[in-house]
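# Model the following, please.
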Amino acid sequence: MASESAQKGKRVSLIFFINFIWENQHYSKKIVNFAKENWFKIALLIAIFWFLLILQDGIEIYHRGWIEQRGAILPSLRL
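Residues are numbered from 1 along each chain as shown. Okay, here's the model as predicted:
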């Protein structure tokens, strides 16, 4: 009895999921078209953010004071 209701629940949720995908196809088509038209801009943004993350580990600040945490994004500088 319990397994029948569980299977029925799975079928109903699968039907709702398929219906949701079917009714919202135009959103995925818009996203795909945007990605096709602007692939270079998207790749450039990803590369810039990746480069900044790599640089973050290599930046060191030299001054008369001290830095609280060496790997911090915005270290506090005390003179």
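# so Ala43 is in which element?
helix 39-58 (DSSP states H and E).
# The helix or strand containing Phe17: what's the following helix or strand?
Here Phe17 sits within helix 2-23, counting by DSSP H and E. Going down the chain from helix 2-23, the next helix or strand is helix 25-37, by DSSP H and E.
# Quick one: work out the angle between that next one and helix 39-58.
Counting by axes from the mean of the first three to the mean of the last three CA atoms, to 10 degrees, helix 25-37 lies at 70 degrees to helix 39-58.
# heads up, I number from 413, so please use that
All set: I'll call the first residue 413, so the last point we hit is now helix 437-449.
# Show me the shaky parts of this structure.
Applying pLDDT under 70 to the chain flags residues 413-422, 469-491.
# Quickly list the domain ranges of it.
The chain breaks down into these domains under automatic domain parsing: 413-449, 451-491.
# Could you measure from Ile443 over to Ile466?
In this view, Ile443 and Ile466 are 28 Å apart by CB to CB, to the nearest Å. Every C-beta, even on glycine, is put in place using the N, C-alpha and C of the backbone.
# how about the nearest residue to Ala447, chain neighbours excluded?
Residue nearest to Ala447 in three dimensions, not counting chain neighbours: Ile454, with 6.5 Å by CB to CB, 6 or more residues apart in numbering.
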